[in-house]
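1. Below is the sequence, then the predicted model.
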There are 2 protein chains.
Amino acid sequence: MPSQEAIAQTVNSYLELVAAGKTDEILNLYAADATVEDPIGSDVRRGHDAIREFYTGFQDLKKDTELVELRVGGSEAAYLWHLTLDTGDSRSRISPISHMKFDEDAKITSMRAFWSPADVKVL
Amino acid sequence: MPSQEAIAQTVNSYLELVAAGKTDEILNLYAADATVEDPIGSDVRRGHDAIREFYTGFQDLKKDTELVELRVGGSEAAYLWHLTLDTGDSRSRISPISHMKFDEDAKITSMRAFWSPADVKVL
């Protein structure tokens, strides 16, 4: 089981890299056969190619991320975070609750994000 | 799939009943073969008898609950909440992130709570 510190490090790195739009580095945090379901109820993406497509889709958007509350248990983490999008004309915020599972090396094996378009707030 | 409103209603009822220590009514929110893992990493309890034992253990403690952030997706919910315990001499707070899955009738089929003793704050 990865240490709680290693899991927290992966989560923090993940949010920093999402903000920076560094898709290749985000993929380095994922295990090879990882899955992504974002938002919950959408099709599950499996493997780096499918996951790369997901992050490439919004990597060039100007945005910021903030970790609000993190809970780590076993080889899993649940956390509330803010994603603030800046289109130039307007700023909006989504605050998902995400659930991640990790392998021995604290690489992400599963990411699932709970949010819906109804949760988007215009700032 | 249960409606988002029905899921939100179950979550709100659950937190009210936990605060009130009403174990029988809490069990009514659970499907017959439901599982509980609280906190993450502890033994999984399956079925009403095992789940009853869990809630009976702290039903008589004076406490309050508050829903902070709720996200519903598909037939699942993730939420951040406060559990404030009042022992008379002191008050303490745990703020878990919980993950629930629901059946067609919005009964809970799985409850998993992310928190650890290190998260307990003395108020």
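-> Yep, it's here. Numbers count the residues shown, from 1 in each chain, chains lettered A, B, ... in the order given.
2. okay, CA-based contacts and neighbour counts for the rest of this
-> OK.
3. Pull out the buried positions in the helix ranked longest in chain A.
-> In chain A, assigned by DSSP state H, the helix with the most residues is helix A:4-20. The neighbour-count check on helix A:4-20 (16 or more other Cα atoms under 10 Å in any protein chain shown) flags A:4, A:6-8, A:10-12, A:14-20 as buried.
4. Stretch A:40-57 now?
-> Under the neighbour-count criterion of 16+ other Cα under 10 Å, stretch A:40-57 has A:40, A:44-48, A:51, A:55 buried.
5. just those that are near chain B?
-> Filtering the buried residues of stretch A:40-57 for proximity to chain B (criterion: Cα under 8 Å from any Cα of the partner chain) leaves A:Ile40.
6. Would you map the strands across chain A?
-> Assigned strands in chain A, in chain order: A:30-37, A:45-46, A:62-73, A:76-86, A:91-94, A:97-102, A:108-114, A:121-122 (criterion: DSSP state E).
7. Adding mean pLDDT and distance to B:Gly73, write those strands out as TSV.
-> TSV is the format used below for these (pLDDT from 0 to 100; distance: least, Cα to Cα, whole Å):
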stretch	mean pLDDT	distance to B:Gly73
strand A:30-37	98	11
strand A:45-46	98	17
strand A:62-73	97	20
strand A:76-86	97	15
strand A:91-94	95	14
strand A:97-102	98	11
strand A:108-114	98	6
strand A:121-122	92	18
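8. Turn these into CSV, columns for distance to B:Ala118.
-> Shown next, in CSV, are these (distance: least, Cα to Cα, whole Å):
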stretch, distance to B:Ala118
strand A:30-37, 28
strand A:45-46, 34
strand A:62-73, 10
strand A:76-86, 15
strand A:91-94, 28
strand A:97-102, 20
strand A:108-114, 24
strand A:121-122, 32
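9. ok, so of the buried residues of helix A:4-20, who is nearest chain B?
-> When the buried residues of helix A:4-20 are compared for distance to chain B (Cα to the nearest Cα), A:Gln4 wins out at 11.1 Å.
10. The closest one and A:Glu66, how far apart?
-> Note on A:Gln4: its distance to A:Glu66, by Cα to Cα, to the nearest Å, is 19 Å.
11. and if you look at A:Asp24?
-> With distances taken as Cα to Cα, A:Asp24 is found 21 Å from A:Glu66.
12. Could you list everything the nearest residue to A:Leu80 once chain neighbours are set aside pairs with in the sheet?
-> In this structure, A:Leu80 finds its nearest non-sequential neighbour in A:Ile97, 4.4 Å apart by Cα to Cα, 6 or more residues apart in numbering or on different chains. Note on A:Ile97: beta-bridge partners A:Leu80, A:Phe114, judged by DSSP bridges.
13. What number of residues are in the vicinity of A:Ile97?
-> A count of nearby residues for A:Ile97, using other Cα atoms under 10 Å in any protein chain shown, gives 27.
14. That one and B:Glu104: what is the separation?
-> Computed as Cα to Cα, the A:Ile97 to B:Glu104 distance reads 23 Å.
15. So in terms of bridging, what pairs with A:Glu76?
-> With DSSP bridges as the criterion, the beta-bridge partners of A:Glu76 are A:Gly73, A:Lys101.
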